[in-house]
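S.K.: With the input below, show me the fold.
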Amino acid sequence: MQAEAIFFNRDYDPEAIARDARVGDALRRENLHVASFIDHVYYSAKEILKDDGSPYVVFTPFKHRWLQRHEQDPRPPIASLAAVKNKLAATNTIGTTLSVPAPEHYGLRRSTLYPRGGSANAGELLDAFIEERIDAFADKRNFPALEATSRLSPYLRAGSVGIRTCVHAASEARRRTRPIHRIGVDTWLSGLIVRDFFQAVLANFPRVANEPFLEEAKDLRFPSSEEAFNAWREGRTGYPIVDAAMTQLNTYGWMHNRLRMIAASFLSKHLLLDYRLGERYFEQRLVDAELASNNGGWQGCASMGSDAAPNFRVFNPVIQSEKVDPDGTFIKKMLPALAGLDAKAIHAPWTLTPTQAQAAGLRLGREYPEPIVDHLQARDRATVFYAALRKGTVRSADNPVFP
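M.R.: This next block holds a predicted model:
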């Protein structure tokens, strides 16, 4: 059957914008009806603006304006199939539904370790999260050993669940919850708004797809170490929480959000490598990877984004590990070689004496590597580097700030 119309949601990826324009022009030349919509985000990049019409570059005021608009202009989900049929009827066209191709059609293999696709699975996850976990989300969301997050990011990325559906579910949960208990709902909703924020930054400043938002860092040449980068991406840094995070990514195609921050901070500040190396690796591995959120997260952790973390913030991976995985449950699951360590040593196994390590069945440098950098030295180097960056006195790895 010959297609007569095409409907799609707008994508703010610069390459996608160019692609959609080319394809749309070609289809119109073939006399097809082409219509695009805003549905990948809740509000378009031009709908949440400052009073002077300029875009926000800091999240908190963006969020306030977003919430203000939501009070006046909520956009509940609609039945997609019914909407398409209505549009087809309005344009006197006929629609036919085809089955979605399976991975095997493209020569790929299914993995039981990866999220199961489809809108039905997305709906089940959303319902379970709203009913069972959202109330405790604010308290438990930073603990990767717990099943405390929605796990919906791959489905939002694929369009298997819509942002309107998620926001509506959060709004309904908030309406049913007593004010004193709404922090979980509000925290999750804030995360959904972050997604809109990163999309708006990309749409309004498309250059961030290829360069830092921070002007001072635009022409910066970063130190280069293939050895350090390979150790990071393969989970061989010697810092268990970082290596466990990268093992989760490499095994499951997904990483807990708090761990993304820890891993990104380590690469960009402990190793002082170009954040784009990590951004690209995440894009290759994450099943939920999309340019706006991945780019925004990495630039933020590298303190080079529009709403970047303070330049002086350098995560201590040991302290972070103790906070997010206090008894080492997650680390032991991802790194079986450390399973014999107690809840203190597992966060910094290099502090063990040879006798203690042997008693735990661990030989540093064999079953598990020594740290590739010393935290204090790395912190001091990053502090000097970012101080020079703020002053505009660092441009390349030849600068004296690099030992």
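S.K.: Could you tell me the phi and psi values at residue 368?
M.R.: According to degrees, to the nearest 10, the main-chain angles of residue 368 amount to phi -150, psi 140.
S.K.: Number of residues surrounding residue 316?
M.R.: Residues lying near residue 316 (other CB atoms under 10 Å) number 17. (Glycine included, C-beta is placed from N, CA and C.)
S.K.: which residues touch it?
M.R.: 375, 379 (CB atoms under 8 Å, 6 or more residues apart in numbering).
S.K.: Check residue 235 too.
M.R.: 242, 243, 244, 245, 246, 247, 250, 334, 335.
S.K.: measure it to residue 189 for me?
M.R.: 33 Å (CB to CB, to the nearest Å).
S.K.: Which of the contacts of residue 235 are buried, as a ChimeraX select command?
M.R.: A single ChimeraX command is used to select the members of the contacts of residue 235 judged buried by 16 or more other CB atoms under 10 Å:
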select :242,243,244,245,246,247,334,335
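S.K.: lowest average confidence, helix or strand, in the chain?
M.R.: Ranked by mean pLDDT, DSSP states H and E, the weakest helix or strand in the chain is helix 80-90, scoring a mean of 61.
S.K.: following that one, which helix or strand shows up next?
M.R.: Next along the chain after helix 80-90, taking DSSP states H and E as the criterion, comes helix 119-128.
S.K.: which other residues reach that next one?
M.R.: So helix 119-128 is contacted by 115, 150, 151, 152, 155, 160, 161, 165, 166, 169 (CB under 8 Å, 6+ apart).
S.K.: In these, find the pair that's most separated.
M.R.: Greatest spacing in these, by CB to CB: 115 and 169 (18.5 Å).
S.K.: more neighbours, these two?
M.R.: residue 169 (24 against 21).
S.K.: show me the contacts for the more buried one.
M.R.: Residue 169 makes contacts with 126, 130, as judged by CB under 8 Å, 6+ apart.
S.K.: Which helix or strand contains it?
M.R.: helix 163-176.
S.K.: as a whole number, average confidence for that helix?
M.R.: When pLDDT is averaged along helix 163-176, the result is 96.
S.K.: so residue 272 sits right up against residue 222, yeah?
M.R.: Yes. Applying CB atoms under 8 Å as the test, residue 272 and residue 222 come out as touching, 6.7 Å apart.
S.K.: shared neighbours, these two?
M.R.: Between them, residue 272 and residue 222 share no contacting residue, judged by CB under 8 Å, 6+ apart.
S.K.: between the two, which one's more packed in?
M.R.: Remark: of residue 272 and residue 222, residue 272 carries more neighbours, 22 against 19, as counted by other CB under 10 Å.
S.K.: which residue sits closest to the more buried one, ignoring its sequence neighbours?
M.R.: residue 223 (5.1 Å; CB to CB, 6 or more residues apart in numbering).
S.K.: The one you found reaches residue 269, doesn't it?
M.R.: No. Using CB under 8 Å, residue 223 is not in contact with residue 269, being 11.9 Å away.
S.K.: re earlier: and the contacts of residue 235, which is closest to residue 215?
M.R.: For the contacts of residue 235, the closest approach to residue 215 (CB to CB) belongs to residue 242, at 29.9 Å.
S.K.: pretty sure the closest one is in contact with residue 263, am I right?
M.R.: Yes. With contacts counted by CB under 8 Å, residue 242 reaches residue 263, the gap being 5.7 Å.
S.K.: shared neighbours of the two, anything?
M.R.: The contact sets of residue 242 and residue 263 overlap at residue 232 (CB under 8 Å, 6+ apart).
S.K.: mind checking the end-to-end distance for stretch 32-44?
M.R.: Counting by CA to CA, to the nearest Å, you get 25 Å between the two ends of stretch 32-44.
S.K.: cool, stretch 23-38 as well?
M.R.: End-to-end distance (CA to CA), stretch 23-38: 18 Å.
S.K.: What does residue 34 show for phi and psi?
M.R.: Phi and psi for residue 34, reported as degrees, to the nearest 10, are phi -120, psi 130.
S.K.: What is the neighbour count of it?
M.R.: Applying other CB under 10 Å, we find 16 residues neighbouring residue 34.
S.K.: That one: what's it in contact with?
M.R.: If you count contacts by CB under 8 Å, 6+ apart, then residue 34 has 5, 6, 24, 27, 28 around it.
S.K.: Name the nearest residue to it, sequence neighbours excluded.
M.R.: residue 24 (4.8 Å).
S.K.: quick one: low-confidence ranges for the stretch 301-403 of the chain?
M.R.: Applying pLDDT under 70 to the stretch 301-403 of the chain picks out residues 308-312, 394-403.
S.K.: now the helices: where do they sit in the stretch 201-350 of the chain?
M.R.: 226-233, 240-252, 257-265, 275-285, 291-301, 317-324, 329-334 (DSSP state H, counting those that start in this stretch).
S.K.: can you list these in JSON lines and add distance to residue 49?
M.R.: Shown next, in JSON lines, are the helices of the stretch 201-350 of the chain (distance: least, CB to CB, whole Å):
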{"stretch": "helix 226-233", "distance to residue 49": "38"}
{"stretch": "helix 240-252", "distance to residue 49": "35"}
{"stretch": "helix 257-265", "distance to residue 49": "27"}
{"stretch": "helix 275-285", "distance to residue 49": "27"}
{"stretch": "helix 291-301", "distance to residue 49": "17"}
{"stretch": "helix 317-324", "distance to residue 49": "36"}
{"stretch": "helix 329-334", "distance to residue 49": "41"}
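S.K.: Neighbour count for residue 223 and residue 269, which is higher?
M.R.: Neighbours of residue 223 and residue 269, each counted by other CB under 10 Å, are more numerous for residue 269; the result is 25 against 16.
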